[in-house]
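> after the sequence you'll find the predicted model.
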Amino acid sequence: MARIPEREVERLKSEVSLTRLVESHGVVLTRHGADLLGLCPFHDDHEPSLVVSPKKNL
């Protein structure tokens, strides 16, 4: 399987807001200090386990 070139990953990280992307897939994010928390869409969670750091776009 081919890897995505690092420059392409960096370009996407700089151009796409991860917060907006996650919210566009129906995940409700709530502020927790500097980060945002939400229910992971890949697991049957009942407590927030997904962490988005808007300043780092991670």
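Perfect, I can see it now.

> average model confidence for the longest helix seen in the chain?
The helix that spans the most residues within the chain, counting by DSSP state H, is helix 6-15. Rounded to a whole number, the mean pLDDT of helix 6-15 is 92.

> what's downstream of it, the next helix or strand?
Per DSSP states H and E, the first helix or strand lying C-terminal to helix 6-15 is helix 18-24.

> from the contact counts, what lies against that following helix?
strand 50-52 (3 or more Cβ pairs under 8 Å, 6 or more residues apart in numbering; DSSP states H and E). Glycine gets a C-beta too; all of them are placed from N, C-alpha and C.

> which other helices and strands contact the strand it packs on?
Against strand 50-52 (3+ Cβ pairs under 8 Å, 6+ apart) you get helix 18-24, strand 35-38.

> redo these as TSV? Include mean neighbour count.
TSV is the format used below for these (neighbours: other Cβ atoms under 10 Å):
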stretch	mean neighbour count
helix 18-24	14
strand 35-38	18
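
> quick one: closest of those to Glu8.
Glu8 lies closest to helix 18-24 among the helices and strands packed on strand 50-52, at 15.8 Å (Cβ to Cβ).

> from Arg31, how far out is Phe42?
22 Å (Cβ to Cβ, to the nearest Å).

> same question, Ser14
Counting by Cβ to Cβ, the gap from Ser14 to Arg31 is 23 Å.

> so what touches the helix or strand of the chain with the lowest mean pLDDT?
Ranking every helix and strand in the chain by mean pLDDT, DSSP states H and E puts helix 6-15 at the bottom, with a mean of 92. Helix 6-15 is contacted by residues Asn57 when judged by Cβ atoms under 8 Å, 6 or more residues apart in numbering.
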